[in-house]
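Engineer: model this:
(2 chains)
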Amino acid sequence: MITLLIAVPLALAFATIPLRKLARLILPVVVLANLVILFALKPHVGKIIELGSWPAVYGITLFFDEVAFYFLSFVNMMFLVISLITRDERFSIPLLVMNAALNGLILTADFFNSFVFLEIIAITSYIISTDKDNALGSFKYLIFGGVASIFYLIGAVFMYVQGGTLNMAYSSYIIGMSNPELMKTALVLFAITLLVELKVLPFGLWVPDVYGNGSALTPVVLGSVVSTATVYLFSRLSLTFVDEHLPPVFYYTVLASIVLSQLGALYQKNLGRTLAFASMASMSTVVASLLTRQESVVSTALFYLFTDALAKFVLFTVYGNLGVANFRNAKTTGIAFTFSSLSLVGVPIFAGFWGKYYLLKALFEQENYVLAIVVLVSTLIELAYVTKWNIEQWFAKKETTKGEIENIDLPFVQKLFVLLSALILLVIGLFPQLLLDKTNLLAEKLFDFQLYRDIFFGKGGM
Amino acid sequence: MQNILLVAIIGSVAGYLLSLFYRRLGPIILLLISLYAFAMLWEIPSNTAENFLGYDVLYLTTLGKYFALLSLIVFSAYAIFNIVWIETLKTPHAFNALSILTLAGTLGVFFTTNLVVLYIFWELTVFASLFIVPMSKSEAKRAAVWYVTITAIGSFAFLFATFLLYSKFYTFDLVEISRNLSQLPKPTIWLVVCSMLTAGIAKSGVFPLHVWLRNVHGKAPDTFSAVLSGQLVKMGSYLIALLLSIFPVTTLFPHFYGGVNILSYILIWLGNVSILVGTLMAIKQNDMKMLIAFSTVANSGYILIGLALLDQVGFAGGLFHVFNHAIAATMIFLSFAAVVYRTGTTKIDELGGLIHRMPVTFITYLVGIISLAGIPPTSGFISKWMIFQSLVSRGMFVTEIFVFVGSIGSFLYVFRPLAGVFLGQLKSKYKDVREVPIIMQIPMILLVLVTVFFGVFPGQVLEFIVGAQKEFGIDAFQYEGTKLITSMGYWDTWIVFVMFAVGFLIAAVLYLITPKGKKIPLEDQYTSGEFLHNFDLYHYASRFYAFLEREYGDHPSLENLYASLVNALKSLGKGIDYLVSRTASAYVFWLGVILLLLWKGW
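Structural biologist: Next comes the predicted model:
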């Protein structure tokens, strides 16, 4: 059944190539169907699905557990919202393909298979990011992503050569037992690839040009959905399958990336690029927390990830559609924007506050003062520019001077979802435990390789 | 306390909605909430613990109660004034809602000793007030960013210390932490205490984090400046007072000079510099609101010195000065708001001669500055006297010089608006200016009465102060009725008042029995046979203190230093942006990665 999450969007994408209009209508239906299937299958988490009845060692296997369930739900819900607010029918087919690939990326338990899905996501991302004639930006993205994927492939080859199988659980187990050094090398290779999509400087040098081009769709899809799915894969690879830290150089790079991206954002005179840098900074924060390999920190990093993705969705949707707006004439939109940006910074009673609160608390408990201070300093910089842009938009001059500030507002559907997301941020802010319980569970499962293996070995594949 | 907070939070929503129908309802709701809160709070005894939304986090100290009641007085005056003043705003509903939310936040700060809850309410206050600041002038946008950033430097330092303490003691409760604080190693104690105090220093506008006050107070909506200076800045003083008294500072830090520990000594020097900087800068200002903004810096310095002394007289003086400055600043800013309401400018040299046109406003300003400058019989004198007494008894003569210079300087700078705005020649364009409506006069008159009353009968205020001192184990300030006793003597406010009253009566009698001066119009004077075309030239208010300003014209400026620091950070960001905007960066980057990998042998 869970296979449908990949098969249906993919099949319908190809089926609707001649019928673009239909694709636009089908997209939300497909994503909704995905969600229905997901929730129907929730009681059956903790299972593997062997495609074509090939045993796990030989064939491609899907792995469906709690972690995959929550990530899939989040990704598909964001996708549903995106499909409902996107009016551009050019992108319906790439979005369908991307949806299939994202679901596949989260579900698959096979190295080569995940490489294929990564590539599909990358290709659809390039297509989407050429929106608004941003050829140069997406070209740069193509170079970054294209070269990066080679490293992933080499990593997968390493695993296959040494482990004898492409199955993630089996080959990691075998190599972990026989040749841990090689496992670490493969992980470094995987990490290099994933850091490109995770927007860590200098791997994320492509981001501002692609995100900041003014398209509403690109940053929302890449920032809220693709990044989340990539975080899933990254945490699986770096937390579940290995017991060791990545080389420290990664950690320091990510720390530098947090601060440098915030400084980049501070400098910007264009809101879109500011948000792009901000999203690099927050993703770097998540990655830095994952690299600590401490369960409490990872849990809070996921909390931070989800709330941040939601906030970024609002900010990018508003910016993508309105540019620098005049919120006096678009109050609802303005309130959603302000709520989300305050949540992004971590102002109390919004979800983002608890994200940073739990993160700092966990870091201090682990006596990891360096990351804590970096987070605080980066938040300070973030606060300055977020405040600036909010005030800029609320207190813009009422007269439209040379069309710079127009009296326009979002269409109803977009406004509705933007407001809903902002309210969700507020609700999570009031009841953070709702989300924290889930992320605690996710973090616990992510670290439990024993459980992951048992699901496979229990099948008696070897 | 929970009820008060909930009423205020819900009230802010109600204030917003009702203001949509009729904008004056917002201030009325704020007034009702303030009065309700005042009545409720008066009845709650100190050291009461309460739940908030099911969490056991609220705890009322005498100190908190004192500050909360004071804040409510300020907010009530502000609310009454706003009932009419709100007409001038373009966005009254948001203004009303955020004003009420600011009150809720600030009360929350005073009602808790839980560090995280304190932080939450603190940020609520900052962000509610943040969006009020740019509401009337577009130049205030930048000021608001500075405001939030500098406050955040403090509050993030506070948060850092909070978590650091949590990682040691696994509690956020300040009372519990203070009991065990001495177990930590010395450097950690320094780090924690200094980080937490930074929040108070940033918020109360003490050097070196005072740079936001000028533009924020100067450009915020006119009545809100009263709240900013009269109330929000006091939140910083509250935090300093709370931390200094709840932590066993005198035992944690070694004694340094004059029976003062090293931490207090450092704080006293920050206070000294604040007084100097605030005073000198205030003298220079031509904008009356910015002038009082710098005077706030100086007065925060006084408060800090008093609090840092942590003794029977000085600490009490610091707390009393909080009261006096809050009321005085509110009076002064409200009187300025009244002037701006009628004339539309804050520039001193554009005004003049309003004394006959706006007598109530003038009296309010006059009493305000008398209290601010510390002239008896107003209460402003008492607090400065107490701080001075404590310094003298310790032999801290250098600090005394600063305090003294600050006092003399305050005569100078408060005189500038007095002479420039209210005295001198009335400008012809303001010929038809009238006194503000009666509703705006009410809070001003009430505050005048409050100042004079507590100047003569300071008992009620002192009762709170003594309560706060006892609570934290500081020797209580001695007083009997109107007689304030220190180790060096006593001051009887009643006798002083009677002396001044008699002097005033004699002056009044003399005024009445001596011949009256003749009032002549502006045109009626010697002009060497020339026609007088521009009467405004006869008002000498521009470059009022040029002879003084010359002496320190080229002083170094912290504002510029911070601005260049931000620019340096931005140029780093520009460097990143440069890398980003080069397409070749992708090739170079990958080449680098591959070489690195080859070199590492992977």
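Engineer: what does the stretch 151-300 of chain B put close to chain A?
Structural biologist: B:152, B:153, B:156, B:159, B:160, B:163, B:164, B:166, B:167 (CB under 8 Å from any CB of the partner chain). Using the backbone N, CA and C atoms, a C-beta is placed for each residue, glycine as well.
Engineer: where does the fourth one sit relative to residue A:376, distance-wise?
Structural biologist: Counting by CB to CB, to the nearest Å, the gap from residue B:159 to residue A:376 is 7 Å.
Engineer: The chain: strands as residue ranges?
Structural biologist: Since no chain was named, I'll use chain A. A:47-50, A:61-64 (DSSP state E).
Engineer: Switch to chain B, please.
Structural biologist: Under DSSP E, chain B gives strands at B:48-52, B:55-60, B:255-257, B:260-261, B:478-480, B:483-486, B:489-492.
Engineer: Buried residues in the last one, which are they?
Structural biologist: Neighbour-count burial for strand B:489-492, counted by 16 or more other CB atoms under 10 Å in any protein chain shown, picks out residue B:491.
Engineer: quick revisit: mean pLDDT lowest where, among the strands of chain A?
Structural biologist: Ranked by mean pLDDT, the strands of chain A bottom out at strand A:47-50, with a mean of 77.
Engineer: Now do residue B:534, the pLDDT please.
Structural biologist: 62.
Engineer: Around chain B, pick out the residues from the stretch 151-300 of chain A.
Structural biologist: Near chain B, when you scan the stretch 151-300 of chain A using CB under 8 Å from any CB, you find A:185, A:188-189, A:192, A:201-203, A:205-209, A:260-261, A:263-268, A:273, A:277.
Engineer: switch the cut-off to 7 Å
Structural biologist: A:185, A:188, A:192, A:202, A:205-206, A:208-209, A:260, A:263-264, A:266-267 (CB under 7 Å from any CB of the partner chain).
Engineer: Let's see which of these end up in helices.
Structural biologist: Members of these lying in helices (criterion: DSSP state H): A:185, A:188, A:192, A:208, A:209, A:260, A:263, A:264, A:266, A:267.
Engineer: OK, contacts around residue B:174?
Structural biologist: Residue B:174 makes contact with B:113, B:115, B:246 under the criterion CB atoms under 7 Å, 6 or more residues apart in numbering or on different chains.
Engineer: Quick check, residue A:102 in contact with residue A:225.
Structural biologist: Yes. Taking CB atoms under 7 Å as the definition, residue A:102 is a contact partner of residue A:225 at 6.5 Å.
Engineer: quick one, which of these two is more surrounded?
Structural biologist: residue A:102 (30 against 25; other CB atoms under 10 Å in any protein chain shown).
Engineer: give me the number of residues near the residue of the stretch 501-602 of chain B found nearest chain A?
Structural biologist: In the stretch 501-602 of chain B, the residue that lies nearest chain A is residue B:573 (3.1 Å; CB to the nearest CB). Neighbourhood size, residue B:573 [other CB under 10 Å]: 22.
Engineer: ok, it - contacts?
Structural biologist: Residue B:573 neighbours (CB under 7 Å, 6+ apart): A:263, A:264, A:266, A:267.
Engineer: switch the cut-off to 8 Å
Structural biologist: Neighbour list for residue B:573: A:260, A:263, A:264, A:265, A:266, A:267, A:268, A:277 [criterion: CB atoms under 8 Å, 6 or more residues apart in numbering or on different chains].
Engineer: re earlier: deepest-packed of the strands of chain B, please.
Structural biologist: strand B:260-261 (a mean of 22; mean count of other CB atoms under 10 Å in any protein chain shown).
Engineer: Parallel or antiparallel, which strands does that one pair with?
Structural biologist: Strand pairing for strand B:260-261, using DSSP bridges, gives strand B:255-257 (antiparallel).
Engineer: thinking again about what came up before, between residue B:159 and residue A:376, point out the one with more neighbours.
Structural biologist: residue B:159 (26 against 19).
Engineer: Only C-alpha atoms, please: export stretch B:445-462 in CSV.
Structural biologist: Output of stretch B:445-462 as CSV, limited to C-alpha atoms (Å, rounded to 0.1, in the frame of the first residue of the first chain):
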residue,chain,number,x,y,z
ILE,B,445,-2.6,68.0,37.4
LEU,B,446,-2.9,64.6,39.2
LEU,B,447,0.8,63.9,38.7
VAL,B,448,1.7,67.4,40.0
LEU,B,449,-0.3,66.7,43.1
VAL,B,450,1.4,63.3,43.5
THR,B,451,4.8,64.8,43.2
VAL,B,452,4.2,67.5,45.8
PHE,B,453,2.3,65.2,48.1
PHE,B,454,5.0,62.5,48.2
GLY,B,455,7.6,65.3,48.6
VAL,B,456,5.9,66.3,51.8
PHE,B,457,4.7,62.9,53.0
PRO,B,458,7.0,60.2,51.6
GLY,B,459,5.8,57.7,54.2
GLN,B,460,3.8,55.4,51.9
VAL,B,461,6.6,55.1,49.3
LEU,B,462,9.2,54.6,52.0
